[in-house]
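**Q** after the sequence you'll find the predicted model.
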Amino acid sequence: MEDLKSSLKRKILEAIGKGRVEKKDGIYRFTESIGDEVPRGTVVIGKRVVYGYPKIRRVFSLEKGVNKNLDEEKELWIEEKIDGFNLRAVYENGKLYCVSRGGFLDYFATEKMAGFPEVMRFFSKYPRLVLHFEMIGNTPYTAPTSEFDVRYFVFDIGNGKNDFVHYMERMHLCEKFGLSAVPFLGHTKTPEIKKLKEIAVSLDKRGSEGMVMRQDNPRKVLKFVVPSSDIRDLRENSAQIFDMPIGFMKQRVFRSAISISELGLDKSEYDKRLGEAMHSGLYSSIKNKGEVSENFEILVKSMDTWKKITSHMSHEVEIKAEPPVRERNGFRIKFRKIFRQGSKQVRRAIEGYSQAD
(Lines give C-alpha, C1' and ligand atoms only; values in the text may rest on other atoms or scores of the structure.)
Protein backbone atom coordinates (compact mmCIF):
# COMPACT_ATOMS: atom_id res chain seq x y z
CA MET A 1 0.00 0.00 0.00
CA GLU A 2 3.06 2.18 -0.24
CA ASP A 3 1.71 3.88 -3.38
CA LEU A 4 -1.36 5.24 -1.56
CA LYS A 5 -1.77 8.61 0.11
CA SER A 6 -1.06 8.44 3.85
CA SER A 7 -4.63 9.56 4.73
CA LEU A 8 -6.19 6.83 2.60
CA LYS A 9 -3.74 4.22 3.87
CA ARG A 10 -4.76 5.15 7.42
CA LYS A 11 -8.47 4.72 6.60
CA ILE A 12 -7.81 1.30 5.09
CA LEU A 13 -5.82 0.14 8.11
CA GLU A 14 -8.61 1.41 10.41
CA ALA A 15 -11.20 -0.52 8.39
CA ILE A 16 -9.15 -3.71 8.68
CA GLY A 17 -8.85 -3.16 12.44
CA LYS A 18 -12.63 -2.65 12.81
CA GLY A 19 -13.48 -5.84 10.97
CA ARG A 20 -14.94 -4.12 7.92
CA VAL A 21 -12.52 -6.13 5.83
CA GLU A 22 -12.73 -9.90 5.46
CA LYS A 23 -9.68 -12.06 4.90
CA LYS A 24 -10.27 -15.07 2.69
CA ASP A 25 -8.11 -17.12 0.31
CA GLY A 26 -5.08 -15.04 1.21
CA ILE A 27 -6.55 -11.67 0.20
CA TYR A 28 -8.44 -8.95 2.07
CA ARG A 29 -11.90 -8.04 0.76
CA PHE A 30 -13.74 -4.84 1.66
CA THR A 31 -17.28 -5.88 2.56
CA GLU A 32 -18.48 -2.27 2.45
CA SER A 33 -17.38 1.05 1.00
CA ILE A 34 -15.18 3.49 2.86
CA GLY A 35 -16.68 6.86 2.03
CA ASP A 36 -16.35 7.81 -1.62
CA GLU A 37 -12.71 6.77 -1.84
CA VAL A 38 -12.79 2.99 -1.51
CA PRO A 39 -15.72 1.13 -3.12
CA ARG A 40 -17.11 -2.18 -1.91
CA GLY A 41 -15.31 -5.10 -3.54
CA THR A 42 -11.89 -3.49 -3.15
CA VAL A 43 -9.19 -6.05 -2.34
CA VAL A 44 -5.71 -6.04 -0.85
CA ILE A 45 -3.39 -8.58 -2.47
CA GLY A 46 -0.02 -8.65 -0.78
CA LYS A 47 0.79 -4.96 -0.30
CA ARG A 48 -1.25 -3.86 -3.28
CA VAL A 49 -4.73 -2.32 -3.10
CA VAL A 50 -7.00 -2.97 -6.10
CA TYR A 51 -10.20 -0.94 -6.03
CA GLY A 52 -13.62 -2.34 -6.85
CA TYR A 53 -14.83 -1.38 -10.30
CA PRO A 54 -17.03 1.74 -10.23
CA LYS A 55 -20.70 1.27 -11.04
CA ILE A 56 -21.71 2.24 -14.57
CA ARG A 57 -24.84 4.36 -14.67
CA ARG A 58 -27.79 2.91 -16.58
CA VAL A 59 -30.26 4.89 -18.66
CA PHE A 60 -33.79 3.68 -19.39
CA SER A 61 -34.56 6.27 -22.08
CA LEU A 62 -31.76 6.28 -24.64
CA GLU A 63 -32.32 9.75 -26.07
CA LYS A 64 -33.09 11.56 -22.82
CA GLY A 65 -30.37 9.66 -20.97
CA VAL A 66 -27.67 10.51 -23.49
CA ASN A 67 -28.68 14.18 -23.64
CA LYS A 68 -28.71 14.47 -19.86
CA ASN A 69 -25.54 12.53 -19.02
CA LEU A 70 -23.06 12.87 -21.90
CA ASP A 71 -21.28 15.87 -23.37
CA GLU A 72 -22.85 17.22 -26.57
CA GLU A 73 -19.59 18.14 -28.30
CA LYS A 74 -17.38 15.16 -27.45
CA GLU A 75 -16.71 12.03 -29.45
CA LEU A 76 -18.38 8.85 -28.37
CA TRP A 77 -17.34 5.21 -28.59
CA ILE A 78 -20.03 2.54 -28.58
CA GLU A 79 -19.37 -1.06 -27.57
CA GLU A 80 -21.48 -4.14 -27.08
CA LYS A 81 -22.48 -4.91 -23.50
CA ILE A 82 -21.63 -8.54 -22.78
CA ASP A 83 -23.95 -10.51 -20.51
CA GLY A 84 -21.32 -12.46 -18.60
CA PHE A 85 -19.39 -12.90 -15.40
CA ASN A 86 -17.68 -9.61 -14.39
CA LEU A 87 -14.08 -9.96 -13.14
CA ARG A 88 -10.74 -8.23 -12.59
CA ALA A 89 -7.43 -9.89 -13.48
CA VAL A 90 -4.50 -8.80 -11.31
CA TYR A 91 -0.86 -9.88 -11.50
CA GLU A 92 1.00 -9.64 -8.20
CA ASN A 93 4.18 -11.27 -6.91
CA GLY A 94 4.47 -13.40 -10.03
CA LYS A 95 0.96 -14.81 -9.71
CA LEU A 96 -2.36 -14.20 -11.48
CA TYR A 97 -5.52 -13.48 -9.46
CA CYS A 98 -9.03 -13.12 -10.85
CA VAL A 99 -11.36 -11.30 -8.51
CA SER A 100 -15.15 -11.05 -8.77
CA ARG A 101 -17.16 -7.83 -8.65
CA GLY A 102 -17.80 -8.45 -4.95
CA GLY A 103 -14.09 -8.92 -4.21
CA PHE A 104 -13.95 -12.72 -3.97
CA LEU A 105 -11.00 -14.61 -5.38
CA ASP A 106 -12.41 -16.74 -8.19
CA TYR A 107 -10.41 -19.94 -8.65
CA PHE A 108 -12.25 -20.99 -11.80
CA ALA A 109 -11.60 -17.75 -13.71
CA THR A 110 -8.02 -17.63 -12.42
CA GLU A 111 -7.35 -21.11 -13.80
CA LYS A 112 -8.93 -20.25 -17.15
CA MET A 113 -7.26 -16.85 -17.65
CA ALA A 114 -3.84 -18.28 -16.74
CA GLY A 115 -4.36 -20.67 -19.66
CA PHE A 116 -4.58 -17.86 -22.22
CA PRO A 117 -0.98 -17.12 -23.36
CA GLU A 118 -1.84 -13.61 -24.56
CA VAL A 119 -3.04 -12.70 -21.07
CA MET A 120 0.21 -13.83 -19.49
CA ARG A 121 2.23 -12.00 -22.18
CA PHE A 122 0.32 -8.82 -21.35
CA PHE A 123 1.08 -9.10 -17.63
CA SER A 124 4.73 -9.94 -18.26
CA LYS A 125 4.99 -6.51 -19.91
CA TYR A 126 2.49 -4.58 -17.75
CA PRO A 127 2.33 -6.26 -14.33
CA ARG A 128 0.88 -3.16 -12.62
CA LEU A 129 -2.16 -2.88 -14.89
CA VAL A 130 -5.51 -4.56 -14.26
CA LEU A 131 -7.73 -6.19 -16.89
CA HIS A 132 -11.48 -5.74 -16.40
CA PHE A 133 -13.40 -8.35 -18.37
CA GLU A 134 -16.54 -10.41 -18.81
CA MET A 135 -16.36 -14.19 -19.10
CA ILE A 136 -19.02 -16.28 -20.85
CA GLY A 137 -19.54 -19.91 -21.75
CA ASN A 138 -19.09 -22.94 -19.54
CA THR A 139 -18.56 -21.11 -16.27
CA PRO A 140 -20.22 -21.67 -12.87
CA TYR A 141 -22.37 -18.58 -13.47
CA THR A 142 -23.29 -18.42 -17.18
CA ALA A 143 -25.34 -20.56 -19.54
CA PRO A 144 -23.37 -23.58 -20.88
CA THR A 145 -22.67 -23.94 -24.59
CA SER A 146 -21.32 -26.62 -26.93
CA GLU A 147 -19.78 -24.03 -29.27
CA PHE A 148 -16.72 -23.25 -27.10
CA ASP A 149 -15.43 -23.65 -23.56
CA VAL A 150 -15.06 -20.12 -22.20
CA ARG A 151 -14.41 -16.72 -23.73
CA TYR A 152 -13.38 -13.44 -22.13
CA PHE A 153 -13.92 -9.87 -23.32
CA VAL A 154 -11.83 -7.00 -21.97
CA PHE A 155 -13.91 -3.85 -21.43
CA ASP A 156 -11.43 -1.72 -19.44
CA ILE A 157 -7.77 -1.56 -18.51
CA GLY A 158 -6.69 0.41 -15.45
CA ASN A 159 -4.07 0.71 -12.73
CA GLY A 160 -6.19 -0.77 -9.93
CA LYS A 161 -6.96 2.67 -8.47
CA ASN A 162 -9.77 3.41 -10.92
CA ASP A 163 -7.60 5.35 -13.33
CA PHE A 164 -8.31 3.87 -16.75
CA VAL A 165 -6.44 4.11 -20.04
CA HIS A 166 -8.04 6.03 -22.90
CA TYR A 167 -10.32 4.02 -25.18
CA MET A 168 -7.84 4.14 -28.10
CA GLU A 169 -4.97 3.04 -25.86
CA ARG A 170 -7.03 0.11 -24.60
CA MET A 171 -7.81 -1.00 -28.14
CA HIS A 172 -4.12 -0.65 -29.04
CA LEU A 173 -3.08 -2.84 -26.10
CA CYS A 174 -5.70 -5.47 -26.91
CA GLU A 175 -4.60 -5.59 -30.53
CA LYS A 176 -0.89 -5.62 -29.64
CA PHE A 177 -1.17 -8.61 -27.29
CA GLY A 178 -4.08 -10.38 -28.96
CA LEU A 179 -6.46 -9.82 -26.05
CA SER A 180 -10.14 -10.39 -26.77
CA ALA A 181 -11.95 -7.04 -26.53
CA VAL A 182 -15.66 -6.33 -26.29
CA PRO A 183 -17.11 -5.87 -29.80
CA PHE A 184 -16.85 -2.36 -31.24
CA LEU A 185 -20.19 -1.00 -32.51
CA GLY A 186 -19.44 2.50 -33.65
CA HIS A 187 -17.82 5.89 -33.17
CA THR A 188 -19.33 9.35 -33.53
CA LYS A 189 -17.73 12.77 -33.21
CA THR A 190 -20.71 13.83 -31.11
CA PRO A 191 -23.54 11.70 -29.69
CA GLU A 192 -25.93 10.97 -32.58
CA ILE A 193 -29.26 9.78 -31.21
CA LYS A 194 -30.50 8.41 -34.55
CA LYS A 195 -27.42 6.22 -34.94
CA LEU A 196 -27.61 5.06 -31.32
CA LYS A 197 -31.24 4.03 -31.78
CA GLU A 198 -30.36 2.14 -34.96
CA ILE A 199 -27.61 0.28 -33.09
CA ALA A 200 -30.02 -0.51 -30.24
CA VAL A 201 -32.63 -1.99 -32.61
CA SER A 202 -29.94 -4.05 -34.35
CA LEU A 203 -28.69 -5.40 -31.00
CA ASP A 204 -32.23 -6.24 -29.97
CA LYS A 205 -32.86 -8.20 -33.17
CA ARG A 206 -29.73 -10.31 -32.84
CA GLY A 207 -30.22 -11.15 -29.18
CA SER A 208 -27.46 -9.04 -27.62
CA GLU A 209 -27.71 -7.53 -24.15
CA GLY A 210 -27.20 -3.89 -25.03
CA MET A 211 -24.49 -1.29 -25.42
CA VAL A 212 -22.03 0.79 -23.45
CA MET A 213 -21.33 4.39 -24.48
CA ARG A 214 -18.02 5.99 -23.51
CA GLN A 215 -16.44 9.44 -23.55
CA ASP A 216 -12.94 10.32 -22.33
CA ASN A 217 -11.40 13.41 -20.71
CA PRO A 218 -13.42 13.50 -18.53
CA ARG A 219 -14.43 9.86 -18.48
CA LYS A 220 -18.18 9.30 -18.80
CA VAL A 221 -19.75 5.88 -19.26
CA LEU A 222 -23.40 4.90 -19.73
CA LYS A 223 -25.09 1.56 -20.37
CA PHE A 224 -28.34 0.81 -22.14
CA VAL A 225 -30.01 -2.60 -22.22
CA VAL A 226 -32.37 -3.55 -25.07
CA PRO A 227 -35.86 -4.93 -24.31
CA SER A 228 -35.25 -8.43 -25.68
CA SER A 229 -32.48 -8.81 -23.11
CA ASP A 230 -34.83 -7.70 -20.31
CA ILE A 231 -37.40 -10.25 -21.44
CA ARG A 232 -34.75 -12.96 -21.69
CA ASP A 233 -33.66 -12.19 -18.11
CA LEU A 234 -37.26 -12.53 -16.96
CA ARG A 235 -37.61 -15.86 -18.76
CA GLU A 236 -34.38 -17.29 -17.39
CA ASN A 237 -35.06 -16.14 -13.82
CA SER A 238 -38.84 -16.34 -13.50
CA ALA A 239 -38.65 -19.54 -11.46
CA GLN A 240 -36.37 -17.71 -9.00
CA ILE A 241 -39.03 -15.14 -8.18
CA PHE A 242 -38.59 -15.84 -4.44
CA ASP A 243 -34.77 -15.84 -4.58
CA MET A 244 -33.97 -12.76 -6.68
CA PRO A 245 -33.70 -9.24 -5.20
CA ILE A 246 -37.08 -7.56 -4.98
CA GLY A 247 -36.30 -5.02 -7.71
CA PHE A 248 -34.93 -7.49 -10.27
CA MET A 249 -38.19 -8.28 -12.05
CA LYS A 250 -40.07 -5.04 -11.66
CA GLN A 251 -37.11 -3.02 -13.01
CA ARG A 252 -36.92 -5.18 -16.15
CA VAL A 253 -40.65 -4.96 -16.76
CA PHE A 254 -40.53 -1.19 -16.31
CA ARG A 255 -37.44 -0.39 -18.38
CA SER A 256 -38.47 -2.72 -21.23
CA ALA A 257 -41.75 -0.79 -21.54
CA ILE A 258 -39.80 2.46 -21.92
CA SER A 259 -37.36 1.12 -24.51
CA ILE A 260 -40.05 -0.71 -26.53
CA SER A 261 -41.95 2.58 -26.81
CA GLU A 262 -38.89 4.71 -27.56
CA LEU A 263 -37.44 2.39 -30.22
CA GLY A 264 -40.78 2.03 -32.01
CA LEU A 265 -40.96 -1.75 -31.60
CA ASP A 266 -44.11 -3.86 -32.02
CA LYS A 267 -45.80 -3.59 -28.61
CA SER A 268 -48.15 -6.53 -29.13
CA GLU A 269 -45.26 -8.84 -30.01
CA TYR A 270 -43.16 -7.81 -27.02
CA ASP A 271 -46.14 -7.88 -24.64
CA LYS A 272 -46.79 -11.50 -25.62
CA ARG A 273 -43.13 -12.43 -25.19
CA LEU A 274 -42.95 -10.74 -21.80
CA GLY A 275 -46.05 -12.51 -20.51
CA GLU A 276 -44.73 -15.89 -21.62
CA ALA A 277 -41.34 -15.13 -20.08
CA MET A 278 -42.83 -14.36 -16.68
CA HIS A 279 -44.49 -17.79 -16.52
CA SER A 280 -42.12 -20.11 -18.40
CA GLY A 281 -39.68 -20.87 -15.61
CA LEU A 282 -42.46 -21.22 -13.08
CA TYR A 283 -44.21 -23.82 -15.23
CA SER A 284 -40.95 -25.77 -15.35
CA SER A 285 -40.43 -25.69 -11.58
CA ILE A 286 -44.05 -26.73 -10.95
CA LYS A 287 -43.61 -29.64 -13.36
CA ASN A 288 -40.35 -30.50 -11.59
CA LYS A 289 -42.17 -31.00 -8.24
CA GLY A 290 -41.23 -27.55 -7.00
CA GLU A 291 -37.51 -27.63 -7.59
CA VAL A 292 -36.14 -24.25 -8.67
CA SER A 293 -32.78 -24.90 -10.29
CA GLU A 294 -30.33 -24.05 -13.07
CA ASN A 295 -27.99 -26.36 -14.99
CA PHE A 296 -24.30 -25.69 -15.57
CA GLU A 297 -21.29 -27.39 -17.10
CA ILE A 298 -17.60 -26.63 -16.59
CA LEU A 299 -14.20 -28.04 -17.50
CA VAL A 300 -11.50 -27.70 -14.81
CA LYS A 301 -7.88 -28.81 -14.81
CA SER A 302 -7.93 -29.77 -11.15
CA MET A 303 -10.56 -31.28 -8.88
CA ASP A 304 -9.17 -28.96 -6.21
CA THR A 305 -10.53 -26.05 -8.27
CA TRP A 306 -13.97 -27.71 -8.27
CA LYS A 307 -13.84 -28.13 -4.49
CA LYS A 308 -13.09 -24.44 -4.06
CA ILE A 309 -15.92 -23.49 -6.44
CA THR A 310 -18.47 -25.55 -4.50
CA SER A 311 -17.16 -24.23 -1.18
CA HIS A 312 -17.92 -20.69 -2.32
CA MET A 313 -21.30 -21.33 -3.99
CA SER A 314 -22.78 -23.74 -1.46
CA HIS A 315 -23.39 -20.91 1.02
CA GLU A 316 -26.21 -19.62 -1.20
CA VAL A 317 -27.45 -22.66 -3.14
CA GLU A 318 -27.45 -26.44 -2.96
CA ILE A 319 -25.12 -28.06 -5.49
CA LYS A 320 -25.92 -31.42 -7.07
CA ALA A 321 -23.26 -32.68 -9.47
CA GLU A 322 -22.93 -35.65 -11.76
CA PRO A 323 -19.73 -37.73 -11.44
CA PRO A 324 -16.79 -35.88 -13.06
CA VAL A 325 -15.75 -37.13 -16.50
CA ARG A 326 -12.00 -37.27 -17.14
CA GLU A 327 -10.95 -35.60 -20.40
CA ARG A 328 -7.63 -34.75 -22.00
CA ASN A 329 -7.74 -31.19 -20.64
CA GLY A 330 -9.09 -31.99 -17.19
CA PHE A 331 -12.43 -32.89 -15.65
CA ARG A 332 -15.83 -32.09 -17.13
CA ILE A 333 -18.49 -31.56 -14.48
CA LYS A 334 -22.22 -31.12 -15.02
CA PHE A 335 -24.14 -29.79 -12.06
CA ARG A 336 -27.22 -27.89 -11.06
CA LYS A 337 -27.79 -25.17 -8.53
CA ILE A 338 -30.92 -25.65 -6.45
CA PHE A 339 -32.31 -22.45 -4.96
CA ARG A 340 -33.40 -23.36 -1.45
CA GLN A 341 -35.84 -20.57 -0.64
CA GLY A 342 -37.63 -20.60 -3.98
CA SER A 343 -37.86 -24.39 -4.04
CA LYS A 344 -39.33 -24.41 -0.56
CA GLN A 345 -42.03 -21.85 -1.37
CA VAL A 346 -43.03 -23.37 -4.72
CA ARG A 347 -43.09 -26.86 -3.23
CA ARG A 348 -45.27 -25.81 -0.30
CA ALA A 349 -47.70 -24.05 -2.66
CA ILE A 350 -48.16 -27.00 -5.01
CA GLU A 351 -48.46 -29.42 -2.07
CA GLY A 352 -51.45 -27.49 -0.78
CA TYR A 353 -50.09 -25.66 2.26
CA SER A 354 -52.11 -22.57 3.13
CA GLN A 355 -50.65 -19.14 3.72
CA ALA A 356 -51.90 -15.79 4.95
CA ASP A 357 -52.00 -13.06 2.30
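**A** Nice, thanks for sending it over.

**Q** list the contacts of Val182.
**A** Residues near Val182 by C-beta atoms under 8 Å, 6 or more residues apart in numbering: Glu79, Glu80, Lys81, Ile82, Glu134, Phe153, Val154, Phe155, Val212. (Each C-beta comes from the backbone N, C-alpha and C, glycine too.)

**Q** OK, contacts around the second one?
**A** For Glu80, the residues meeting the contact criterion (C-beta under 8 Å, 6+ apart) are Val182, Pro183, Phe184, Leu185, Leu203, Ser208, Glu209, Gly210, Met211, Val212.

**Q** and it, how far from Lys18?
**A** To Lys18, Glu80 is 41 Å away according to C-beta to C-beta, to the nearest Å.

**Q** circling back: so which of the contacts of Glu80 are in strands?
**A** Phe184, Leu185, Gly210, Met211, Val212 (DSSP state E).

**Q** pull out the buried residues from these.
**A** Leu185, Gly210, Met211, Val212 (16 or more other C-beta atoms under 10 Å).

**Q** would you turn these into JSON lines with distance to Thr142 and pLDDT?
**A** Conversion of these to JSON lines gives the following (distance: C-beta to C-beta, whole Å; pLDDT from 0 to 100):
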{"residue": "Leu185", "distance to Thr142": "21", "pLDDT": "97"}
{"residue": "Gly210", "distance to Thr142": "16", "pLDDT": "98"}
{"residue": "Met211", "distance to Thr142": "19", "pLDDT": "98"}
{"residue": "Val212", "distance to Thr142": "18", "pLDDT": "98"}
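
**Q** so which two of these are the farthest from each other?
**A** Farthest apart among these by C-beta to C-beta are Leu185 and Gly210. That separation is 10.4 Å.

**Q** which residues are in contact with each of those two?
**A** Common neighbours of Leu185 and Gly210, using C-beta under 8 Å, 6+ apart, are Glu80, Leu203.

**Q** can you give me the end-to-end span of stretch 183-198?
**A** 16 Å (C-alpha to C-alpha, to the nearest Å).

**Q** now do it: distance to the chain's middle.
**A** Computed by C-alpha atoms, centre = their mean, to the nearest Å, the chain-centroid distance of stretch 183-198 equals 24 Å.

**Q** buried residues in that stretch?
**A** In stretch 183-198, counting by 16+ other C-beta under 10 Å, buried: Leu185, Pro191, Leu196, Lys197.
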